[in-house]
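Asks: Mind folding the following:
(one chain, ligands or ions: 1)
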Amino acid sequence: MYIELSIILLIYTLIGILIFKIPPKKSHNSMYPFLIYILFTPVSLLLGWLFLKKKEIYICLSIDADLSKTTQDKKAIKIIFQLLNKLKLKNKVTWFINNEFNWTTTFKDELNYLANNYDVQLHSHYLSNHKTGAGKAYAKEKTDLERFVKKQSKKYQCIAFRSGEHIMSPSHFKILNNIGIKIDSSVMPGKYLKGKYDFRNIALNKSNYCENNVLELPTYNKLPGLTLMNTILPSKSPVVVSFFFHPFELVKNNKINYIKVLQIYALLILNKIHFPKAQWISVKDAYDIVN
Ligand SMILES: [Zn+2]
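Replies: As a prediction, the model looks like this:
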């Protein structure tokens, strides 16, 4: 019995390491790692049951609101609203918005709904196309977002940020601090994508840390088994784990990709099952908990 269990655990760990080495763009497009992980779920549930009894866990789900630029985007956003409502996650999730996708014009109603029901923060792809001037660009994007959201929620302040394509360097923490951003969630420990980012020097169990007065809330692979092994088990309690997805993942060839919808739904359910005692919180709330 012990030998069989050890072999299964070893295979599970090896698959976990393999998936973790794949840059996110590749792993997002593949259904197979996900299916393999569903298959091995009982093992990670057992691990969780054995080791998580006394851990204080917070789960921080966010949505990088990048769209597919097709007519299906409104439908994809609506489906996400329905999924989150069904799982009682309204108010407990952060939407990282960027106006490159015309949220304040084409998706005005949706953004108004978000402003009233969710934590809304800033996402920017400025660095994907420019090498300098990020400070000025972010400051303007932040002011524009605040002006819009304040119409619905008077006390609103944008305090959190995620960089498009996760392009992030130590000097950027200084830029964020200068424009009043208190929390960043761009770092993905252990991951590397040539020419974009290199987080191989950040330990997988580093659940949060401060740099230039900005609190970093790293994001992890969204598969709960991996989160459990790489981050939660080795971290000290309390631990905040953060993961995300995009609305464009739900659209393929100008049609809603219902397999992907199911996959995201399954991911959220799996996270709920794995960490039944965890509290789901927004990025803004994570700032209050960690400080
Ligand atoms: Zn993005």
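Asks: Now do the SS call for Asp288.
Replies: Assigned with DSSP: H, G, I helix; E, B strand; the rest coil, Asp288 falls in the helix class.
Asks: To what extent is it buried, counted in neighbours?
Replies: By other Cβ atoms under 10 Å, the residues close to Asp288 number 9. Where you see a C-beta, it was placed from the backbone N, CA and C, and this is true even at glycine.
Asks: Renumber starting at 652 from here on
Replies: Right, with 652 as the first residue, what we last looked at is Asp939.
Asks: Roughly how far does it sit from the ion?
Replies: Counting by Cβ to the ion, to the nearest Å, the gap from Asp939 to the ion is 25 Å.
Asks: Give me the pLDDT for that residue.
Replies: Per-residue confidence at Asp939 stands at 86 (pLDDT).
Asks: try Leu734
Replies: Reported pLDDT for Leu734: 96.
Asks: Please look at it and Ala917 and confirm they touch.
Replies: No - Leu734 is beyond contact range of Ala917, at 10.7 Å (criterion: Cβ atoms under 8 Å).
Asks: Now Asn819: closest residue in space, sequence neighbours ignored.
Replies: One correction, residue 819 is Met, not Asn. Leaving aside its chain neighbours, Met819 sits nearest to Ser837 (4.2 Å; criterion: Cβ to Cβ, 6 or more residues apart in numbering).
Asks: Need the three-state assignment for the one you found.
Replies: coil.
Asks: same thing with Val892?
Replies: strand.
Asks: How about the contacts made by it?
Replies: 708-711, 858, 871, 878, 882-883 (Cβ atoms under 8 Å, 6 or more residues apart in numbering).
Asks: what residues does the stretch 752-901 of the chain put near the ion?
Replies: Neighbours of the ion within the stretch 752-901 of the chain, by Cβ under 5 Å from the ion: Gly815.
Asks: Which parts of the stretch 752-901 of the chain are helices?
Replies: Secondary structure of the stretch 752-901 of the chain by DSSP state H, counting those that start in this stretch: the helices cover 759-768, 777-780, 785-801, 821-829, 875-878.
Asks: winner for burial among those helices?
Replies: Of those, the one with the most neighbours on average (mean count of other Cβ atoms under 10 Å) is helix 875-878, at a mean of 26.
Asks: Now do that one: which elements does it pack against?
Replies: helix 653-672, helix 692-702, helix 909-925 (3 or more Cβ pairs under 8 Å, 6 or more residues apart in numbering; DSSP states H and E).
Asks: so which of those gets nearest the ion?
Replies: helix 909-925 (16.4 Å; Cβ to the ion).
Asks: same question for that closest one, mean pLDDT?
Replies: Here helix 909-925 scores 90 as its mean pLDDT.
Asks: tilt between that helix and helix 692-702?
Replies: Counting by axes from the mean of the first three to the mean of the last three Cα atoms, to 10 degrees, helix 909-925 lies at 20 degrees to helix 692-702.
Asks: Contacts for helix 909-925, please.
Replies: For helix 909-925, the external contacting residues (Cβ under 8 Å, 6+ apart) are 682, 685, 689, 692, 695-696, 699, 710, 712, 730, 734, 738, 740, 873-876, 878-879, 894, 896, 900-901, 903.
Asks: residues near Ser713, how many?
Replies: 25.
Asks: Let me see the mean pLDDT of the helix or strand it falls within.
Replies: If you go by DSSP states H and E, Ser713 is part of strand 708-715. Averaging pLDDT along strand 708-715 gives 95.
Asks: That one vs the ion: in contact?
Replies: Yes - Strand 708-715 is in contact with the ion by Cβ under 5 Å from the ion, via Asp715.
Asks: sorry, back to before: with mean neighbour count and distance to the ion added, can I get the helices and strands packed on helix 875-878 in CSV?
Replies: Formatted as CSV, the helices and strands packed on helix 875-878 follow (neighbours: other Cβ atoms under 10 Å; distance: least, Cβ to the ion, whole Å):
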stretch, mean neighbour count, distance to the ion
helix 653-672, 13, 21
helix 692-702, 15, 29
helix 909-925, 17, 16
